[in-house]
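**Student:** no sequence for this one, just the structure:
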């Protein structure tokens, strides 16, 4: 029983950073901006979060720092792609490369230092109820943030007027501009929100998942988050499903490798990617629904004629 | 009359514009425009494409910033810096190229421009009520991507009316409507006028303007060239004001012996599934175009004309090779080049990016489309391009079609729309194709160039080729065609000989009356 609970807990821990980064990117892409710099913003959040936590001794200050660093880093992307109308793909890729390099440089003195870890939730009595207590009331705080964030984004996008406006900009920025909607203001805020989420996801890596600094510790999670958004056809609950399928297969194949199952380890390592893609492709079979949810102006620079 | 403006700000004028100027690079799109719109009038803004009409109204609606000039609203000087400001003043706009969101519902589209916090369901109810009271029925829950162009325009109009504007600007509103839908729109406009609202009506359709407008301001090359009362003018005198010279009428000699002429283009049971959720499926289309005749295909935009052109030109291949036959041979499985080699020529709707590569010279564009069909004359041994031969062929086309340009061999994008269209049509005509298929031959082309293109198409047919013209412009089709078929919702009616065709019959077919039963429905109506 304990083993099952432990496995479920590790799955949640593996899925949380993917979910947060992907939900942030979902909002960005719903506004019509494609930010391929998730990996870079995530690793910057990880190094910033670790550094602030290490220097102050407070994991909470570390987490806050991760969010701020991610948001500031995305602001760079926003200025380039929105105000200067640079190519979003190229700018996003450079943001990732810059983030990976810069974080390595900033983090040289942190390598091998002991970090601080965010404590798990611990409510007396309730958290010690077998199984349910630990699964529902005994996880790390970022787990709860990730679930709340998904629900909040769903509500925002599909239940509020501001969310409708954001989606309309993603559908056609020229139409939105013609109606007098402030396209740039919405997109700036969306990009910064996405950056803050990616930063938070990075903070989870260096303050919860493995509380230490290792160069390149984001290990491609930013890219997975990006892929999740597309395969989930820009729908929050599907992103959640995708993140958890990925997490589950990831943990499962680690255990399988440890048991020494006679299957090449390379194949096992590729399983999470395969499984996630297959499941998400299956649930987005409805082409019409997918088309409706795809932001039609995604990735196109917007230059209003004045 | 004339361009002089009174010094005092007359309060009976809702909007007064003085010396409004907009410069794009070297082009002065609007040059010191003066315009007065009284309360409760329908004011026409007339002019050819490129005369500066759209630029002017975009400045009035705040989506473009004027370089100089003043705007007075109800006697007070105002700066309209954004569409939001325009809406607050009470200016509403129905765009020519709609500003709708395809992936959202009609009600959501309306809600986005209202800026009030009321829930979507309330807005939907209001929109439904208003739309029925004006006789423009609308289902607020339908997805815009699923709607016809006419229905989309209703959303634009209802959206505009819900903002209770004092001035409504309509940019070319009837270009996408059937004649019957247009009648409905005119009723709505007259009702709005009787409610004391002002309307600025932009159009190049003179009959319409004569019918509903109280006053007109005529623009040419960005300048106001006259004011008039359109009811006292004739269509010809208005056209002369717009164009600046007499427009030569197109001549069409009666076609003879068509019934026995060989069928050069045959379409047999052409069917196509929609490629995207919002595309129109083609349903069992049959059509024969014989040597010597021009067949026109009418229809409201978005009823499958684009899909049909793609299938016939070979941009999309057919599974059934026999569904498209050129000069008696199956061509359905051939690519564009394959069909060109059989003697067909195509002019797509979109000039820049589809009909021509914008940043390439005219001679290069000529080579791109004809290197396969004119291989021997344009490409020498070892695949070397004979530049001088291509260049002289380009010059031949330029002379033949009277293409006006600033350099000997300019980039396609440097030409005005009408001149580029003349070149593209001329490029195909120069081959003397036996089958010519043209989609929207004169869309956005000035009257002089349009007449030239139409005359050239008729002459090609009379010299023994089959010509198929797809157009939304009914006047054009009546000028050109020997018979007109109508496309509606992916189906094509039987061609109606021009002697029997009337605007009313074609209009009913465009609106979806049973193909082949036009006369019958007319009797009922």
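**Tutor:** Yes, it's here. All values reported here derive from a predicted model rather than from experimental measurement.

**Student:** drop to CA atoms for contacts and neighbour counts, all remaining ones
**Tutor:** Noted.

**Student:** and the residue of the stretch 1-150 of chain A found nearest chain B, what is it in contact with?
**Tutor:** Nearest residue of the stretch 1-150 of chain A to chain B: residue A:30, at 12.1 Å (Cα to the nearest Cα). The contact partners of residue A:30, taken as Cα atoms under 8 Å, 6 or more residues apart in numbering or on different chains, are A:166-167, A:169-170, A:234, A:294-295, A:298.

**Student:** So which of those sit within helices?
**Tutor:** Among the contacts of residue A:30, the ones falling in helices (DSSP state H) are A:166-167, A:169-170.

**Student:** Please parse chain B into its domains.
**Tutor:** Domains of chain B are assigned by automatic domain parsing as B:13-243, B:259-343+B:433-525, B:351-432.

**Student:** how about stretch B:153-169: buried residues?
**Tutor:** B:153-163, B:165-169 (16 or more other Cα atoms under 10 Å in any protein chain shown).

**Student:** Need the mean per-residue confidence for that stretch.
**Tutor:** Average pLDDT, stretch B:153-169: 89.

**Student:** which residues touch it?
**Tutor:** With Cα under 8 Å, 6+ apart as the test, stretch B:153-169 has contacts from B:14, B:57, B:87, B:90-95, B:98, B:100, B:106, B:110, B:113-114, B:127, B:130-131, B:136, B:138, B:173, B:197-202.

**Student:** try 7 Å
**Tutor:** Outside of stretch B:153-169, the residues within contact range by Cα atoms under 7 Å, 6 or more residues apart in numbering or on different chains are B:90-94, B:106, B:110, B:114, B:127, B:131, B:136, B:197-201.

**Student:** Identify the farthest-apart pair in the residues you listed.
**Tutor:** Farthest apart among these by Cα to Cα are B:106 and B:198. That separation is 25.5 Å.

**Student:** Remind me which helix or strand residue 192 belongs to.
**Tutor:** Because you didn't say which chain, this covers chain A. helix A:183-204 (DSSP states H and E).

**Student:** The chain in question should be chain B.
**Tutor:** helix B:179-194.

**Student:** Repeat that for residue B:155.
**Tutor:** helix B:149-162.

**Student:** Point me to the residue of the stretch 151-300 of chain A nearest chain B.
**Tutor:** residue A:175 (4.1 Å).

**Student:** Around chain B, which positions in chain A sit nearby?
**Tutor:** Within chain A, the positions lying close to chain B (Cα under 7 Å from any Cα of the partner chain) are A:165, A:168, A:171-172, A:175, A:178-180, A:288, A:292, A:305-306.

**Student:** Which of these fall in strands?
**Tutor:** Counting by DSSP state E, no part of these is found in strands.

**Student:** Strands of the stretch 401-525 of chain B, start to end?
**Tutor:** Secondary structure of the stretch 401-525 of chain B (DSSP state E, counting those that start in this stretch): strands at B:435-439, B:466-470, B:483-488, B:491-492, B:496-497.

**Student:** Kindly reformat these as TSV and extend each row with distance to residue B:217 and mean pLDDT.
**Tutor:** Shown next, in TSV, are the strands of the stretch 401-525 of chain B (distance: least, Cα to Cα, whole Å; pLDDT from 0 to 100):
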stretch	distance to residue B:217	mean pLDDT
strand B:435-439	31	95
strand B:466-470	32	95
strand B:483-488	34	94
strand B:491-492	39	93
strand B:496-497	38	93
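
**Student:** between those, which one is nearest to residue A:36?
**Tutor:** Closest to residue A:36 of the strands of the stretch 401-525 of chain B, according to Cα to Cα: strand B:435-439, at 39.6 Å.

**Student:** can you list contacts of the closest one?
**Tutor:** Contacts for strand B:435-439 (Cα under 7 Å, 6+ apart): B:264-265, B:343-349, B:465-471.
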